[in-house]
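1. Can you look at this prediction? I've put the sequence above it.
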Amino acid sequence: MRVLRVLRILRPLKAMKTLPSLRKQISALLMSVMGLINVLVFLLFIFLLFSVVGLQWFSGNQHYTCRTAEIPDSGYWQKY
């Protein structure tokens, strides 16, 4: 039954043959999606760049910030 519901969504695409204005709107929508893909690829590159820079900048610096000893004392957790 769900497959039939999905096919109902495709009904307006059949109307593209008869309505030229609908064809223009759908083509404009597809062109804008292609433009958004370029933006998403650029944002992915920026996030990757900042994550690599952040890893290099903070690598190992926060390892000893909350510790008082080289190896954490696990005796507290073994009691409970």
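-> Perfect, thanks for sending it.
2. Any idea how many residues pack against residue 25?
-> 13 (other CB atoms under 10 Å). Any C-beta I mention is one placed from the backbone N, CA and C, and that applies to glycine too.
3. actually residue 56, sorry about that
-> Neighbour number of residue 56 under other CB under 10 Å is 8.
4. now it: how far from residue 50?
-> Counting by CB to CB, to the nearest Å, the gap from residue 56 to residue 50 is 11 Å.
5. Can you list the buried residues in the helix of greatest length in the chain?
-> Longest helix in the chain, counting residues (DSSP state H): helix 20-58. Residues of helix 20-58 include none that count as buried (16 or more other CB atoms under 10 Å).
6. From the contact counts, what lies against it?
-> Taking 3 or more CB pairs under 8 Å, 6 or more residues apart in numbering; DSSP states H and E as contact, there are no helices or strands that helix 20-58 lies on.
7. wait, what's in contact with residue 15?
-> For residue 15, the contact set (CB atoms under 8 Å, 6 or more residues apart in numbering) comprises residue 22.
8. Check it and give its pLDDT.
-> Residue 15 carries a pLDDT value of 73.
9. low pLDDT regions in this structure?
-> By pLDDT under 70, the low-scoring segments of the chain are 1, 60-80.
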